[in-house]
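Trainee: Next input, structure requested:
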Amino acid sequence: MATREIVLDTETTGLSPLEGDRLVELGCVELINHVPTGEHFHVYCNPQRDMPEGAFRVHGLSAEFLSDKPLFGDIAQGFLEFIGDATLIIHNAPFDMGFLNAELERVTRPPLGNKVIDTVMLARKVHPGARVNLDALCKHYGIDNSRRTLHGALLDSEILAEVYLELIGGRQVALALGRQQMEEEAANRAEKRPVRQRPGPLPARVDDETLSAHKAFVETLSDEPIWDRYLGKS
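Mentor: Below you'll find the model as predicted:
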């Protein structure tokens, strides 16, 4: 059975939803068997408040830019439908989950119940004592993050998907799982394909006259044709 995961990232107006900070961008990338499918979910949200200078320097999203974007309540259903019951892959998961659940609470929806894998914790297990921010991990694994001049939820999700793949064992894991998936799909197609039976045997294409002519021709070639040895006649 295929494993579905969603790599997720957010951008916000600050560090704490308890202090009035709001979510302003949400990006999700779908993985099937740890391989990106190309399916994604990406929205900007109007936070209905100002944008602190410190947050603007991180992601470059101004209050003016966000003023005509939908409210979180307008996109909540689409987001929930996209993630479904998939495992969420998040870098520093408590931060993003805190904001997502705070936004869901504002629109009277229950908190997320999905399984969550925090890639910060995963990276600390794989690389104890090393820096585990996204830029450091990209440098360690040789992942190009040159487009990351500012933080962006969708771009960071795409980069994190590559980092996550390396953290769980590298590209060979994805190749093996991809090959297994193709084999399973081929087997499923073979099982579903109907086997057609002939209504009757094919008619003989050689009549008695042709067989007699061929036998007469063979007798002119040799007294002991070599194929007789295979037929047990010599």
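
Trainee: From now on I want contacts and neighbour counts done on CA atoms only, so please keep to that.
Mentor: Noted.

Trainee: doesn't Val43 make contact with Leu66?
Mentor: No: contact criterion C-alpha atoms under 8 Å: Leu66 and Val43 do not qualify, at 10.6 Å.

Trainee: any idea how far the residue nearest to the spatial centre of the chain is from Gly54?
Mentor: Residue closest to the mean C-alpha point of the chain, counted by C-alpha atoms, centre = their mean, is Leu31 at 1.9 Å. Leu31 sits 32 Å away from Gly54, taking C-alpha to C-alpha, to the nearest Å as the criterion.

Trainee: Same question for Ala136.
Mentor: Distance from Ala136 to Gly54, by C-alpha to C-alpha: 22 Å.

Trainee: mind checking pLDDT for His140?
Mentor: As summarised for this prediction, His140 has a pLDDT of 94.

Trainee: now swap in Met121 and tell me
Mentor: Met121 is given a pLDDT of 98.

Trainee: That one: what's its closest spatial neighbour, skipping adjacent residues?
Mentor: Leaving aside its chain neighbours, Met121 sits nearest to Asn92 (7.8 Å; criterion: C-alpha to C-alpha, 6 or more residues apart in numbering).

Trainee: do Asp50 as well
Mentor: Ala63 (5.7 Å).

Trainee: I'd assumed Pro52 was in contact with the one you found.
Mentor: No: between Ala63 and Pro52 there is no contact under C-alpha under 8 Å: 9.0 Å.

Trainee: quick revisit: is it correct that the residue nearest to the centre of the chain is in contact with Ile6?
Mentor: Yes: counting by C-alpha under 8 Å, Ile6 is a contact partner of Leu31 at 6.1 Å.

Trainee: can you map out the strands along the protein?
Mentor: All strands of the chain, identified by DSSP state E, fall at 4-12, 23-32, 35-44, 87-90, 116-118.

Trainee: Please identify the most buried of these.
Mentor: Mean neighbours per residue, mean count of other C-alpha atoms under 10 Å, is largest over these for strand 4-12, with a mean of 26.

Trainee: what does it rub up against?
Mentor: Here strand 4-12 makes contact (C-alpha atoms under 8 Å, 6 or more residues apart in numbering) with 21-34, 55, 59, 83, 86-91, 96, 151-154, 156-158, 160-161.

Trainee: so who does Thr119 touch?
Mentor: Counting by C-alpha under 8 Å, 6+ apart, Thr119 has contacts 89-93, 164.

Trainee: where in the protein is pLDDT low?
Mentor: Low-confidence segments of the chain (pLDDT under 70): 171-206, 218, 221-234.

Trainee: Ala63 and Ala102: what is the separation?
Mentor: In terms of C-alpha to C-alpha, Ala63 sits 20 Å off from Ala102.

Trainee: quick one: which of these two has more around it?
Mentor: Remark: of Ala63 and Ala102, Ala102 carries more neighbours, 21 against 18, as counted by other C-alpha atoms under 10 Å.

Trainee: what's the burial count for the residue nearest to the more buried one when sequence neighbours are not counted?
Mentor: Spatial nearest neighbour of Ala102, excluding adjacent residues (C-alpha to C-alpha, 6+ apart): Pro17 at 6.6 Å. By the measure other C-alpha under 10 Å, the count of residues near Pro17 is 18.

Trainee: and if you look at His59?
Mentor: Neighbour tally, His59, other C-alpha under 10 Å: 18.

Trainee: quick one: it and Arg124, what's the gap?
Mentor: Counting by C-alpha to C-alpha, the gap from His59 to Arg124 is 26 Å.

Trainee: re the thing from before, quick one: which of the strands of the chain is nearest Ile143?
Mentor: Ile143 lies closest, by C-alpha to C-alpha, to one member of the strands of the chain: strand 35-44, at 15.3 Å.
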